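Engineer: 3D model of this:
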Amino acid sequence: MGKRIAKSFKPSNTWVRELVQSDPEIGSSLDYTSDQLKLQARDNLCTVCKGSKMLCGKTRCPIIEQVAAHTRMFRSVHGTNIEGSSPPSVFVGRFGYPYVQIGPMTPGFYGDTAILDDTEKWFGKSMDEIIGYRSQLVRGMTPVNVNKPEKAGKILDATREISLAEHYVETEMKLQKAPIKRLYMDNDLQPIGPTAPLNSVNIGFIKWNQWMEKAHYDTDLKAGQAAKTLYKSGVPVSSIVKAFSTGSFGIEKNRRLVPTRWSITAIDDLLGKDMIKTVKDYPLINMYEVYESEYLGNRFEILLVPDAWCYEAYEAWYPRTLWNPSETNVNIVTDWEDYDGRTTYASMGGCYYSGRLAVLEHLTKIRRQAKVFIFREAYPDYILPVGVWQVRENCRNAMRQTPRLFTARDEALRHVISRLTIPLDRWIEAGPLLRHTLTQRKITEYA
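Structural biologist: Down below sits the predicted model:
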């Protein structure tokens, strides 16, 4: 299910559109005006721009960034033998489900490669660095029926072992053919390295995380409970996701492979729901609190209201950003849940659950309850999707900061809006929970 646009409108600040027209150098070497170029190229300016004029409105060309990363990566990849240290990293695809592609991922060199797939340590890294991390990992893939994973044999065994590893693992992949030097440009995909069919995989000495090893061998422990126990034991979310996706946990007869993309959201949702049960028993915060974080062209403003647990998340995508190809309108996507939670999947996707988890971690730590609003504005310098980890870590970073405290709701909202570029009425039009909060009066106000 795609993102459901709650509100679409023309921005009052048209700097994105005017970016193309304001620079006299743009299009100066071509015999067309910027508007003629747009008309001629229709929805794809790339063939005209060739990465030099920024006609799409982004601040850097995503194609050029990925080409550079792929060029660096292929210098270390030769033939059909890929030898290196897996961070550890594995991948379970989703296309063709229940028949999917699985396999390990490794760069073509040895050493401490943990940073290549450790999203908890990526906050603060530049877009260039993140593209470089993603692009260095070669994916060896083999087809598997998720309902009959045992037929994958030794390749699945090795992939699962890697997913349970505590440190990087020396890995040798024998591919059926050399990785194709193909550049993937798709708004639904994160920057990725090359892929090739896998013949076999061999791994060196491996040390499993002790908590995951215990959960793996407990064939009477449900997968959901295993994930919650691991998280409370200090195992990072990204590590739990990898092992969960390879079917390493759960009742033995029920173990299944889970596509990596689904696994990320499943873990964020599962852990969040478990925390909500606890948070509901805590006393309310006693002031309005505002937290902030900005990273990779995304600004987050998080408002905590002294009220019973509820949650609403907003994403505002400016023109010519990843999920908004419009040249004129800002699109706002929103989803929410009341005290009793929600029963349907958020149209916003995994970002809804990763942001919720980050705030719940904070509320659990301070042992308080609150109504939560997350406002996100995504700007054109967010040139490529890097994954929902960015939302989780951005919100975690916000919650680590010292909050701005307010005694009045309107004062807190004014501060939030002063830090954003979209006016308050646009957010109110898009989100039912915020609108309800501003219009409903409580019986306690009449006491």
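Engineer: residue boundaries of the helices in the stretch 151-300 of the chain?
Structural biologist: Assigned by DSSP state H, counting those that start in this stretch, the helices in the stretch 151-300 of the chain fall at 154-163, 210-217, 223-232, 237-245, 260-279.
Engineer: Dump the ones you listed into CSV; add mean pLDDT, mean neighbour count and distance to residue 395 as well.
Structural biologist: Using the backbone N, CA and C atoms, a C-beta is placed for each residue, glycine as well. Formatted as CSV, those follow (pLDDT from 0 to 100; neighbours: other Cβ atoms under 10 Å; distance: least, Cβ to Cβ, whole Å):
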stretch, mean pLDDT, mean neighbour count, distance to residue 395
helix 154-163, 94, 22, 26
helix 210-217, 95, 18, 25
helix 223-232, 96, 19, 17
helix 237-245, 96, 25, 13
helix 260-279, 96, 20, 11
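Engineer: For residue 372, which of those helices is the nearest?
Structural biologist: For those, proximity to residue 372 was assessed by Cβ to Cβ; helix 260-279 is nearest, at 9.9 Å.
Engineer: ok so, going back, of all the helices of the stretch 151-300 of the chain, which one comes closest to residue 119?
Structural biologist: helix 237-245 (5.0 Å).
Engineer: Could you export the helices of the stretch 151-300 of the chain to CSV, including columns for distance to residue 8?
Structural biologist: Formatted as CSV, the helices of the stretch 151-300 of the chain follow (distance: least, Cβ to Cβ, whole Å):
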stretch, distance to residue 8
helix 154-163, 41
helix 210-217, 44
helix 223-232, 37
helix 237-245, 33
helix 260-279, 25
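Engineer: Residue 376: what secondary structure?
Structural biologist: Per DSSP: H, G, I helix; E, B strand; the rest coil, the secondary structure class of residue 376 is strand.
Engineer: For it, give me its contacts.
Structural biologist: Residues near residue 376 by Cβ atoms under 8 Å, 6 or more residues apart in numbering: 298-300, 313-316, 351, 355, 391.
Engineer: Please apply the same query to residue 158.
Structural biologist: Counting by Cβ under 8 Å, 6+ apart, residue 158 has contacts 104, 201-203.
Engineer: Most neighbours of all those residues, which one?
Structural biologist: Within these, most neighbours by other Cβ atoms under 10 Å means residue 104, with 30 neighbours.
Engineer: For residue 91, see how far away that one is.
Structural biologist: 8 Å (Cβ to Cβ, to the nearest Å).
Engineer: Then residue 115?
Structural biologist: 18 Å.
Engineer: quick one: low-confidence parts of this protein?
Structural biologist: Across the chain, residues meeting the criterion (pLDDT under 70) sit at 1-5, 7, 9-78, 180-192, 320-328, 441-447.
Engineer: I'd assumed residue 397 was in a helix, is it?
Structural biologist: Yes: counting by three-state DSSP, residue 397 falls inside a helix.
Engineer: can you count the residues close to it?
Structural biologist: 18.
Engineer: what's the domain layout of this protein?
Structural biologist: Here the domain parsing of the chain from automatic domain parsing is 70-203, 210-277, 280-446.
Engineer: Dump the ones you listed to TSV, plus distance to residue 6.
Structural biologist: Formatted as TSV, the domains of the chain follow (distance: least, Cβ to Cβ, whole Å):
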stretch	distance to residue 6
domain 70-203	19
domain 210-277	20
domain 280-446	4
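Engineer: The helix or strand hosting residue 333 to helix 260-279, inter-axis angle?
Structural biologist: Counting by DSSP states H and E, the element that carries residue 333 is strand 330-337. Computed by axes from the mean of the first three to the mean of the last three Cα atoms, to 10 degrees, the angle separating strand 330-337 from helix 260-279 equals 50 degrees.
Engineer: quick revisit: would you list the contacts of residue 158 in a markdown table and tack on distance to residue 425?
Structural biologist: What follows is the contacts of residue 158, written out as a markdown table (distance: Cβ to Cβ, whole Å):
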| residue | distance to residue 425 |
| --- | --- |
| 104 | 50 |
| 201 | 56 |
| 202 | 61 |
| 203 | 57 |
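Engineer: Which members of these are the farthest-apart pair?
Structural biologist: So, these by Cβ to Cβ: farthest apart are 104 and 202, at 10.4 Å.
Engineer: From residue 335, how far out is residue 346?
Structural biologist: For residue 346 relative to residue 335 (Cβ to Cβ), the value is 4 Å.
Engineer: any common contacting residues for the two?
Structural biologist: Joint contacts of residue 346 and residue 335 (Cβ under 8 Å, 6+ apart) are 313, 352.
Engineer: More neighbours: which of residue 115 and residue 91?
Structural biologist: Per other Cβ under 10 Å, whichever of residue 115 and residue 91 has more neighbours is residue 91, with 25 against 14.
Engineer: right, and that one touches residue 142 too?
Structural biologist: No: taking contacts as Cβ atoms under 8 Å, residue 91 lies outside contact range of residue 142: 11.1 Å.
Engineer: Touching both of the two, which residues are there?
Structural biologist: Contacts common to residue 91 and residue 142, judged by Cβ under 8 Å, 6+ apart, are 101-103.
Engineer: Buried ones among those?
Structural biologist: Among these, those buried by neighbour count (16 or more other Cβ atoms under 10 Å) are 101-103.
Engineer: Would you format these as CSV with distance to residue 433 and secondary structure included?
Structural biologist: Below are these laid out as CSV (distance: Cβ to Cβ, whole Å; DSSP: H, G, I helix; E, B strand; the rest coil):
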residue, distance to residue 433, secondary structure
101, 40, strand
102, 39, strand
103, 42, strand
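Engineer: From those, pick the one nearest residue 146.
Structural biologist: Closest to residue 146, out of all of those and judged by Cβ to Cβ, is residue 102, at 8.8 Å.
Engineer: Quick check: the gap between that closest one and residue 139.
Structural biologist: 10 Å.
Engineer: How about residue 257?
Structural biologist: Relative to residue 139, and taking Cβ to Cβ, residue 257 is found at 15 Å.
Engineer: Show me which of those two is the more surrounded one.
Structural biologist: residue 257 (27 against 24).
Engineer: Would you map the strands across the stretch 51-200 of the chain?
Structural biologist: 81-86, 90-92, 99-106, 138-145, 169-175, 195-203 (DSSP state E, counting those that start in this stretch).
Engineer: Identify the residue nearest residue 386 in space, chain neighbours excluded?
Structural biologist: Residue nearest to residue 386 in three dimensions, not counting chain neighbours: residue 130, with 5.4 Å by Cβ to Cβ, 6 or more residues apart in numbering.
Engineer: likewise residue 238?
Structural biologist: residue 119 (5.0 Å).
Engineer: Was I right to think that neighbour contacts residue 388?
Structural biologist: No: Residue 119 lies out of contact with residue 388 (Cβ under 8 Å); the separation is 9.3 Å.
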